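# Below: sequence and its predicted model.
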Amino acid sequence: MWPRIGGLRSLALGTPGELRATLNTLVLAGVKTATAGLISEYAQENEELEQVGERLALVDDHDALIGVVEVTGVEVVRFVDVPWDFARSEGEGDRSIEEWRDGHGAYWARQGTPVTDDTQIVCIRFRLVSGGDGGISTGDLST
């Protein structure tokens with residue numbers, strides 16, 4: 001299972017280090033409003049898919065709370081069917097769906113899980129509820 005903070009499932013983007021720091025910065029700036037994952041990771045971790053309206057604790061490399069996001073959409077699609085509007089909402093600077101597929105395919109391959117066109121991808125859309133000093137420092141996860 002994924003770690004919980006104050007009853008919320010955690011959202012640990014990318015891999016620890018520079019990548020996670022960059023992705024978290026994009027979320028806190030309101031640029032990144034989506035993330036993609038592998039359906040196989042849910043099965044391995046015995047986790048259910050996120051639900052619209054669910055709040056997630058955005059965490060840093062040390063699993064410390066840095067923000068709260070609310071899920072606004074969840075869809076499972078084949079890797080080849082991830083739409084450009086979703087890829088663009090990940091806010092990572094990809095200029096085309098092909099560039100997004102190349103980058104994400106390479107990322108998952110480096111993590112030991114190569115993807116094919118038919119690999120099931122969980123596309124999660126979210127909005128930032130609170131971050132930084134705006135409610136997080138008080139520990140209020142309901143804002």
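Sure, I can see it.
# can we go C-alpha only for contacts and neighbour counts from here?
Noted.
# Name the SS class of the residue nearest the centre of the chain, please.
Taking C-alpha atoms, centre = their mean as the criterion, Thr35 is the residue nearest the geometric centre of the chain, at 3.6 Å. The local conformation at Thr35, judged by DSSP: H, G, I helix; E, B strand; the rest coil, is strand.
# what's the distance between it and Ile5?
Per C-alpha to C-alpha, to the nearest Å, Thr35 is found 20 Å from Ile5.
# got it, and Val74?
Separation of Val74 from Ile5 (C-alpha to C-alpha) stands at 21 Å.
# can you check Ile97 too?
34 Å.
# Is Val52 within a helix or a strand, and which one?
Per DSSP states H and E: Val52 is located in neither a helix nor a strand.
# how many other residues sit next to it?
14 (other C-alpha atoms under 10 Å).
# Check the one 10 residues further on too.
In terms of burial, His62 registers 8 neighbours under the definition other C-alpha under 10 Å.
# can you check Leu28 too?
Per other C-alpha under 10 Å, the neighbour tally for Leu28 reads 21.
# wouldn't it be in contact with Arg127 here?
No. Contact between Leu28 and Arg127 fails when scored by C-alpha atoms under 8 Å: they sit 9.9 Å apart.
# Packing partners of whichever helix or strand Val69 is part of?
Secondary structure from DSSP H and E places Val69 in strand 65-78. Where contact means 3 or more C-alpha pairs under 8 Å, 6 or more residues apart in numbering; DSSP states H and E, strand 65-78 is packed against strand 55-59, strand 120-131.
# Would you tell me which helix is longest in the protein?
If you go by DSSP state H, the chain has its longest helix at helix 97-110.
# helix, strand or coil for Ala21?
Here Ala21 is helix, with the state taken from three-state DSSP.
# I'd like to know how far it sits from Leu13.
Relative to Leu13, and taking C-alpha to C-alpha, Ala21 is found at 9 Å.
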